[in-house]
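Participant: how would this look folded up:
(one chain, ligands or ions: 1)
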Amino acid sequence: MKRIRRSRLLGVVAAVTLAATLVSCGDDDDSAEPAAPAAAQVAASEGEVIEVEMVDYEFIGVPETAEVGSRITVVNNSQTEMHEVVALRLPDGEDRSLEELLQLPEDELDALLPEMPDMVLLAAPGGPQIDAVGDGTFTMPGRYVLVCGIPAGVDPEEFLAAAAENDGPPDVAGGPPHFALGMVAEITIE
Ligand SMILES: [Cu+2]
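Facilitator: Model prediction:
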């Protein structure tokens with residue numbers, strides 16, 4: 001079936017997850033609050049707010065298409081697992097299906113994906129949204145892959161603590177990344 005190791009996906013996700021954790025630990029109460037009312041107004045006039053529910057191991061509520069200016073918000077309804085939405089824009093003209101893309105050899109998939117994701121939003125179970133990259137707003141048209149790269153079975157608190165203490169990716173034991181268990185989706189921004 002699907003191969004689990006995806007070096008670019010894992011590398012991007014690990015780096016960004018660490019950044020997110022550092023941001024959230026640095027000022028976890030203030031970072032998202034001041035921008036929220038303005039962002040909501042922008043979304044109302046230029047796009048919609050897309051509430052994505054994150055469960056084990058699936059994104060719920062991702063529409064096929066949305067307008068530029070639409071903004072994703074995340075809710076983690078898992079009982080135990082940390083989750084995230086990492087959005088990676090595919091090259092213009094890429095029209096293979098998501099399933100086909102995920103079955104490509106690792107180096108071919110790597111070559112298609114950007115160095116850094118366009119957005120990364122995380123949340124612990126029942127916890128607040130952590131904006132690691134961007135604020136969830138899609139500013140460019142295109143086709144985006146959404147993935148969660150958190151390893152399965154990792155305790156959220158342990159994960160956050162390990163990430164805050166390390167210079168590299170969090171040193172926590174875990175199972176396969178959630179995207180390998182089905183936590184992957186796509187959206188086209190028009
Ligand atoms: Cu996840």
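Participant: which stretches of the protein form helices?
Facilitator: 7-26, 36-46, 98-102, 106-112, 156-165 (DSSP state H).
Participant: who in this structure is up against the ion?
Facilitator: Neighbours of the ion within the chain, by C-beta under 5 Å from the ion: 83, 148, 150, 178, 183. Any C-beta I mention is one placed from the backbone N, CA and C, and that applies to glycine too.
Participant: ok, the second one - contacts?
Facilitator: Neighbour list for residue 148: 13, 54, 57, 59, 83-86, 177-179, 183-184 [criterion: C-beta atoms under 8 Å, 6 or more residues apart in numbering].
Participant: let's go with 7 Å and repeat that
Facilitator: Contact analysis of residue 148 by C-beta atoms under 7 Å, 6 or more residues apart in numbering lists 54, 83, 84, 85, 86, 178, 179, 183.
Participant: again, but for residue 187
Facilitator: For residue 187, the contact set (C-beta under 7 Å, 6+ apart) comprises 62, 63, 64, 66, 144, 146.
Participant: so it bridges to which residues?
Facilitator: Applying DSSP bridges to residue 187 gives these bridge partners: residue 144.
Participant: any idea how far residue 163 is from it?
Facilitator: The spacing between residue 187 and residue 163, counted by C-beta to C-beta, to the nearest Å, is 27 Å.
Participant: low-confidence ranges in the protein?
Facilitator: 1-46, 166-171 (pLDDT under 70).
Participant: 80 instead, please
Facilitator: Within the chain, the segments meeting pLDDT under 80 span 1-47, 160, 162-173.
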